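Undergrad: Build me a model from this:
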Amino acid sequence: MEQLLVKDIALSFDRKKGRFLLCVDGLSFEQNVCEFLTTISFLVGKDVEEHLMNTDSSYDTVRIPLTGCGKVLTLGLSDFIRLREAYGNQMFLFKLEDLLLRKGVEMSKHL
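TA: The predicted model follows:
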């Protein structure tokens, strides 16, 4: 019998608070914009291929910085890639919104 363990990963932005809410496997973390940018910078700069190709057990997990005060999240490679995708999607939405605003199109207040 094979068991598949998948962590639930969700990332959202609360415009009223100006904070991101990251939920991973029932744990919640709040990030301000600077912390979000620091985390996405780390995620984009991390060489996934290095982790996939190295057989040393230290490459089985990735420690991801979440805050400037030392909060980190340790994930396995598949969850790391899913988290990287979630942050990439959120960044895409911000860039799209910025482009639309510069072109004079406003996003719906309900989004």
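Undergrad: Please name every helix or strand in contact with the lowest-mean-pLDDT helix or strand in the chain.
TA: Least confident helix or strand, the chain: helix 48-53 with a mean of 84, by mean pLDDT, DSSP states H and E. On a contact count with 3 or more CB pairs under 8 Å, 6 or more residues apart in numbering; DSSP states H and E, helix 48-53 meets helix 77-102. Just so you know, the C-beta spots here come from the backbone N, C-alpha and C atoms, and that holds for glycine as well.
Undergrad: ok, now with 10 Å
TA: In terms of contacts (3 or more CB pairs under 10 Å, 6 or more residues apart in numbering; DSSP states H and E), helix 48-53 is packed against strand 61-65, helix 77-102.
Undergrad: okay if I get those as TSV plus distance to residue 71, mean pLDDT and mean neighbour count?
TA: Shown next, in TSV, are these (distance: least, CB to CB, whole Å; pLDDT from 0 to 100; neighbours: other CB atoms under 10 Å):
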stretch	distance to residue 71	mean pLDDT	mean neighbour count
strand 61-65	8	92	16
helix 77-102	14	91	14
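Undergrad: Tell me which of these lies nearest to residue 55.
TA: Closest approach to residue 55 among these (CB to CB): helix 77-102, 12.7 Å.
Undergrad: Run through the neighbouring helices and strands of the closest one.
TA: Applying 3+ CB pairs under 10 Å, 6+ apart, one finds that helix 77-102 makes contact with strand 9-14, strand 19-24, helix 33-45, helix 48-53, strand 61-65, strand 72-76.
Undergrad: mind running it again at 6 Å?
TA: strand 9-14, helix 33-45 (3 or more CB pairs under 6 Å, 6 or more residues apart in numbering; DSSP states H and E).
Undergrad: How about exporting stretch 60-67 as CSV, limited to the C-alpha atoms?
TA: Only the C-alpha atoms of stretch 60-67 are listed here, as CSV (Å, rounded to 0.1, in the frame of the first residue of the first chain):
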residue,chain,number,x,y,z
ASP,A,60,16.2,16.4,1.2
THR,A,61,14.8,19.5,2.9
VAL,A,62,15.0,23.2,2.4
ARG,A,63,14.9,25.8,5.2
ILE,A,64,12.9,28.9,4.0
PRO,A,65,13.2,32.2,5.7
LEU,A,66,9.8,33.8,6.5
THR,A,67,10.5,36.8,8.7
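Undergrad: Great, nothing more from me.
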